[in-house]
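**Student:** Make a model of this:
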Amino acid sequence: MAYRIHVNGVARSVEAPADMPVLWVLRDLMDLTGTKFGCGVAQCGACTVLLDGEPIRSCVTPIGSVGAGKITTIEAIDKNPVGAKVQAAWLDIDVVQCGYCQSGQVLAATALLTANKHPTDADIDEAMSGNICRCGTYPRIRAAIHKAAGS
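**Tutor:** Residues are numbered from 1 along each chain as shown. You can find the predicted model right below:
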């Protein structure tokens with residue numbers, strides 16, 4: 001089936017079955033490989049992208065459910081003013097260790113700071129709880145979010 005979807009500010013057409021996860025549309029059909037496959041059951045957050053500004057797990061979201069929604073991936077998060085602040089803070093705090101989860105972490109943090117300009121530690125913990133970091137960089141993630149909120 002043909003779908004016209006908006007990804008990173010560009011309307012694109014793709015041929016895919018309605019139940020194909022957004023993750024595979026992005027990675028396999030659009031060659032946007034910044035979004036990672038982690039668990040495949042929406043538990044780790046590595047596949048997080050934004051749909052109309054809200055974080056979703058692209059590994060379980062079928063392309064047929066996206067409709068006219070606007071998808072943002074890590075490849076374009078720097079075009080979002082909040083996303084650019086988050087990325088700068090990530091680099092400044094040196095958050096990344098292995099890096100596998102980081103695109104999902106950055107997108108979740110961007111959604112958080114878009115909705116809540118000055119989150120508390122509890123707000124951060126709640127918003128980021130669906131994103132697992134195998135390397136345990138949670139203190140640096142929290143510090144980077146606070147830094148992005150203050151910049």
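**Student:** and residue 112, how many neighbours?
**Tutor:** Burial of residue 112 is recorded as 22 neighbouring residues (other CB atoms under 10 Å). C-beta here means a position set from N, CA and C on the backbone, and glycine is covered the same way.
**Student:** Tell me if I'm right that it and residue 129 touch.
**Tutor:** No. With contact defined as CB atoms under 8 Å, residue 112 does not count as touching residue 129 (11.0 Å).
**Student:** what stretches of this structure score poorly on pLDDT?
**Tutor:** 151 (pLDDT under 70).
**Student:** How is it divided into domains?
**Tutor:** 2-75, 77-150 (automatic domain parsing).
**Student:** what's the distance between the helix or strand hosting residue 92 and the middle of its chain?
**Tutor:** Element membership for residue 92 (DSSP states H and E) is helix 81-93. The chain centroid and the centroid of helix 81-93 are separated by 14 Å under CA atoms, centre = their mean, to the nearest Å.
**Student:** From the contact counts, what lies against it?
**Tutor:** Helix 81-93 is packed against helix 102-115, helix 138-150, with contacts defined by 3 or more CB pairs under 8 Å, 6 or more residues apart in numbering; DSSP states H and E.
**Student:** Which strands and helices lie in contact with the first one?
**Tutor:** Applying 3+ CB pairs under 8 Å, 6+ apart, one finds that helix 102-115 contacts strand 48-51, strand 54-57, helix 81-93, helix 121-128, helix 138-150.
**Student:** Of those, which is nearest residue 11?
**Tutor:** Comparison of the helices and strands packed on helix 102-115 against residue 11 by CB to CB identifies strand 48-51 as nearest, at 15.0 Å.
**Student:** Okay, now the sheet partners of that closest one, with direction.
**Tutor:** Strand 48-51 has the following sheet partners, assigned by DSSP bridges: strand 54-57 (antiparallel), strand 70-72 (antiparallel).
**Student:** Including distance to residue 21, could these go into CSV?
**Tutor:** What follows is the strands paired with strand 48-51, written out as CSV (distance: least, CB to CB, whole Å):
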stretch, distance to residue 21
strand 54-57, 9
strand 70-72, 12
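**Student:** hmm, back to that, may I see the helices and strands packed on helix 81-93 organised as JSON lines, with distance to residue 66 added?
**Tutor:** Conversion of the helices and strands packed on helix 81-93 to JSON lines gives the following (distance: least, CB to CB, whole Å):
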{"stretch": "helix 102-115", "distance to residue 66": "16"}
{"stretch": "helix 138-150", "distance to residue 66": "27"}
